[in-house]
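S.K.: Return a 3D structure for these sequence lines:
(chains A and B)
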Amino acid sequence: MKQKQRKAALSLAVAMGAALTASGAMAQTIDTKRIEANNPNDWLTYHGSYNSYHYSGLTQINTKNVKNLSVAWIHIPGHSTRGLQSMPLVADGILYYTGSYSRVFAIDGATGGVMWSYFPELDDALVSRQTHSPYNRGAALGEGKVFVGTVDGRLIALDMKTGKPAWDTKLIDSQKLTVGFTGAPLYVNGEVVIGSQGGEWPVQGKIYAVDAATGKKKWEFNTTGDDSAKSTWGNDTWRIGGGGGWMPGGYDAKTNTIWWGTSNPDPLYDWAGANWKTDGARPGDNRYTTSVLGLDAETGKLKFYHQELPHDTWDFDSAPGEFVMLQRGGQDYVVHPNKSGFIFVYDDSAHVKNVWPIVHNYNFVKNIDPKTGELIGRRDFTAGKQGEVLCPHISGGVSWNSGSYNPKTGLYYKLGQEWCMKLEVVKTTPVTEPQVQLNIGANFQIAPPPGGTIYGHLDARDPITGNKKWEVKFPEPPMASVMSTAGDLVFVPDSRGIVHAFDATSGKELWTHNDGLGHQGGIISYAAGGKQYVAVTSGFGGMVSDDFAPAFGGVYKSMPRDDGALVVYSLSK
Amino acid sequence: MMFRYLSLATVALSIASVLPAMAQQVAGTPAAETSHLDVDQLFATTCGWCHSDGGRVAGKGPQLMNTKRSDDFIRNRIKHGKEGAMPAFGSTFNDADIDKIIHYIRSLKPDQP
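M.R.: Presented below is the predicted three-dimensional model:
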């Protein structure tokens, strides 16, 4: 590793501005210190940094010259079943990214030349049985390795230099439980943390930590079966409660705490009505589903939690949202979007400081108390057709695509989704033999909000108060992550295939480019050889975007759902 | 696991009574010729996320009501699925189960307003 990294460090020594000072760190291995140092030439974690800003400190591309942004190179990973959904990573000028079937590529960030690739052998029969396969949302880097999860329940470590497997650890009995890993892992202090799928299946969804050097499991946290939580599941339903944590969390080094969001309980929709504490499919609060957890990084022990939606009966889980950690007025804040479209603002121990909605259309509750986080006027269903549509739609008021916090503007750039669904709640029986099956608990159909149409919007808001500075509307909800930069730009890759760059201060559109394929993955920026690049994954398809063709027609009717490309931009002049 | 759950319950019991009742059953593979599938629950359990409104309208998957597909085609699709589109259910349902599903699909009627 050292040789290549030194070479990269040399060529990067000419990098611009603030980036220069960090070039000495380039030859170093990737550890928690280096991730915390957050050199803007790199993009070392899924969320861009432990504090989840999805922000690039690079300024070479800025509001003045973004009009000259054009394609530098493209990489086609092939066999992109259900599109590309992943977040690229960059270290020392080399880009690492994953495609469907957990295929991993290492690519020269300046030229697009492939340095190595790794295609894991998966259990094909299992993959063909799974609902949410075979996409992968990204990797983690640490200690000279690239870490990636698989839909058949393994976590694999590859040598960063060669792509050769260092270890391959089976964590989940996916053949029986049907769930596996689709989310990116998080590297922290010599361990790799990854959460399983869970919410839609009668299983016990877990979060795992594995030793980065040996691949040995260090700890696991059961999101439905922790001893202190069992009393919140009537009839022992914790045994098949769902949960899990299918997206990566954040890390607070100050307290050595991993923040992780958990998924919903199953069945997604309960029929207990107002008596959900004692009746229905899973009586009680159903801890720790639809919660944010503070786990001790060393032991995996629960230090604190906040259950965002006690007894979630709407599939609005806490797994998808990033954990934006910032300080204001000497106070630490953690900002976390819940899938319902409500943004929770916590202190550094998950005490609620504020709650604000980013969506206009919601009726699963009347409100959420901004002081306590308590649900006010919750809508609990009994079996049968519901007279009024449920808002938001099952795909959420926000989804797994992350927002961006820009410390220069102090604004949080986040997408909201306005859509609803017709709903018929049906009593179901969990199926766990011979293999676990989905357990939804309803029939439903996408619908526009009452008196309106479906749309999406990018909001620039104060992350703490929710005050809106500006908003841009999109005819269909964009499903990809957002990135803001120190060049005063916000990038939004949309569902039709167009990448937009907006002025981060005013919201004015400054540049667009058509990638020819809808986006639902990540966007990052990095520097290689002294030049700034923007990399975005395009490729549509999956449990959210498969609704676009029937709902919107138009370009979505012929848009492939088994294709993808990594498109990388730089300044042409 | 301490409890074992049957493949699919014959009748829709309330969950409170289902859990202990299921504990007595030994799970089977779908080799048997008889079907214990409660097809009226099936779409709300496993199929309905993609086949909207119980299969009556198009969603992520096509509308199934009034399908022109042959029984053989439907059987084949349910058994083998389609990569990246629909899961394979060949190891979940036996032929008698699939007969029931085909019958359910062929009897689908539009929603009463």
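S.K.: Only C-alpha atoms from now on, for both contacts and neighbour counts.
M.R.: OK.
S.K.: Now do the same contact list for the most centrally placed residue in chain B.
M.R.: By C-alpha atoms, centre = their mean, chain B has its centre lying nearest to residue B:42, at 4.0 Å. Contacts for residue B:42 (C-alpha atoms under 8 Å, 6 or more residues apart in numbering or on different chains) come out as A:428, B:48.
S.K.: so it, which of the three states?
M.R.: helix (DSSP: H, G, I helix; E, B strand; the rest coil).
S.K.: so what pLDDT did it get?
M.R.: On pLDDT, residue B:42 comes in at 93.
S.K.: roughly how far apart are it and residue A:355?
M.R.: 38 Å (C-alpha to C-alpha, to the nearest Å).
S.K.: ditto for residue A:81
M.R.: Taking C-alpha to C-alpha, one finds residue A:81 at 37 Å from residue A:355.
S.K.: same thing with residue A:523?
M.R.: For residue A:523, the distance to residue A:355 - C-alpha to C-alpha - is 27 Å.
S.K.: before we move on, what about residue A:226?
M.R.: From residue A:226 to residue A:355 the distance is 27 Å (C-alpha to C-alpha).
S.K.: So these two - more neighbours on which side?
M.R.: More neighbours surround residue A:355 than the other of residue A:226 and residue A:355, with 25 against 14 (other C-alpha atoms under 10 Å in any protein chain shown).
S.K.: now the more buried one, what's its secondary structure?
M.R.: Going by three-state DSSP: residue A:355 is strand.
S.K.: hang on, it packs against residue A:370?
M.R.: Yes: counting by C-alpha atoms under 8 Å, residue A:370 is a contact partner of residue A:355 at 4.4 Å.
S.K.: Contact residues of the stretch 451-573 of chain A facing chain B?
M.R.: For the stretch 451-573 of chain A, the residues in contact with chain B (C-alpha under 8 Å from any C-alpha of the partner chain) are A:542-543, A:546-547, A:550, A:562.
S.K.: Inside helices: which ones of those?
M.R.: Among those, the ones falling in helices (DSSP state H) are residue A:550.
S.K.: If you rank the residues of the stretch 451-573 of chain A next to chain B by neighbours, which is first?
M.R.: Neighbour tally across these (other C-alpha under 10 Å): the maximum, 23 neighbours, falls on residue A:542.
S.K.: give me every residue that touches that one.
M.R.: Contacts of residue A:542 by C-alpha under 8 Å, 6+ apart are A:82-83, A:132, A:561, B:84.
S.K.: Most neighbours among these, please name it.
M.R.: Highest neighbour count within these: residue A:83, with 32 neighbours (other C-alpha under 10 Å).
S.K.: Can you list the residue ranges for helices in the stretch 201-350 of chain A?
M.R.: Counting by DSSP state H, counting those that start in this stretch, the stretch 201-350 of chain A has no helices to list.
S.K.: what's the burial count for residue A:554?
M.R.: Using other C-alpha under 10 Å, residue A:554 has 12 neighbouring residues.
S.K.: In terms of pLDDT, where does it sit?
M.R.: 97.
S.K.: quick one, phi psi at it?
M.R.: phi 50, psi -130 (degrees, to the nearest 10).
S.K.: What's the separation between it and residue B:34?
M.R.: 45 Å.
S.K.: With residue A:568 instead?
M.R.: Here residue A:568 is placed at a distance of 56 Å from residue B:34 (C-alpha to C-alpha).
S.K.: Looking at those two, which has the bigger crowd around it?
M.R.: residue A:568 (24 against 11).
S.K.: Paired strands for the one helix or strand that one maps to, with orientation please.
M.R.: Secondary-structure assignment from DSSP states H and E places residue A:568 in strand A:565-571. With DSSP bridges as the test, strand A:565-571 is paired with strand A:69-75 (antiparallel), strand A:531-538 (antiparallel).
S.K.: so which of these is the most packed in?
M.R.: Of all these, strand A:531-538 has the most neighbours on average by mean count of other C-alpha atoms under 10 Å in any protein chain shown, namely a mean of 26.
S.K.: Residues of chain A that sit close to chain B?
M.R.: For chain A, the residues in contact with chain B (C-alpha under 8 Å from any C-alpha) are A:81-82, A:128-131, A:133-134, A:235, A:239, A:280-282, A:424-435, A:437-445, A:542-543, A:546-547, A:550, A:562.
S.K.: Verify the contact between residue A:129 and residue B:85 for me.
M.R.: No: contact criterion C-alpha under 8 Å: residue A:129 and residue B:85 do not qualify, at 10.6 Å.
S.K.: got the contact list for residue A:100?
M.R.: Per C-alpha under 8 Å, 6+ apart, neighbours of residue A:100: A:79-84, A:134-136.
S.K.: Find the residue closest to it in space, skipping its chain neighbours.
M.R.: With sequence-adjacent residues excluded and distances taken as C-alpha to C-alpha, 6 or more residues apart in numbering or on different chains, residue A:100 is closest to residue A:135, at 4.1 Å.
S.K.: For the stretch 101-250 of chain A, which residue gets nearest to chain B?
M.R.: residue A:129 (4.5 Å; C-alpha to the nearest C-alpha).
S.K.: since we're on residue A:203, how many residues are nearby?
M.R.: 28.
S.K.: Check the offset of stretch A:544-555 from the chain's centre.
M.R.: Distance of stretch A:544-555 from the chain centroid (C-alpha atoms, centre = their mean, to the nearest Å) equals 22 Å.
S.K.: centroid residue for chain A?
M.R.: Using C-alpha atoms, centre = their mean, the most central residue of chain A is residue A:400, at 4.1 Å.
S.K.: pretty sure it is in a helix, no?
M.R.: No: the assignment for residue A:400 is coil, going by three-state DSSP, so no helix is present there.
S.K.: For it, give me its contacts.
M.R.: When contacts are counted by C-alpha under 8 Å, 6+ apart, residue A:400 is found next to A:247, A:319-321.
S.K.: Check what pLDDT it gets.
M.R.: pLDDT at residue A:400 comes out at 95.
S.K.: again, but for residue B:34
M.R.: Per-residue pLDDT puts residue B:34 at 89.
S.K.: Can you report phi and psi for it?
M.R.: According to degrees, to the nearest 10, residue B:34 has phi -90, psi 160.
S.K.: any chance you could map the helices in the stretch 1-150 of chain A?
M.R.: Counting by DSSP H, counting those that start in this stretch, the stretch 1-150 of chain A has helices at residues A:2-12, A:32-37, A:124-129.
S.K.: Any buried residues in stretch A:120-135, and which?
M.R.: Within stretch A:120-135, the residues that qualify as buried are A:122, A:126-135, counting by 16 or more other C-alpha atoms under 10 Å in any protein chain shown.
S.K.: correction: stretch A:34-52
M.R.: Going by neighbour count (16+ other C-alpha under 10 Å), the buried part of stretch A:34-52 is A:34-35, A:38-52.
S.K.: where are the low-confidence patches of the chain?
M.R.: By default, I'm working from chain A. Where chain A drops to pLDDT under 70, the residues are A:1-27, A:573.
S.K.: Let me rephrase: I mean chain B.
M.R.: For chain B, the ranges with pLDDT under 70 are B:1-32, B:113.
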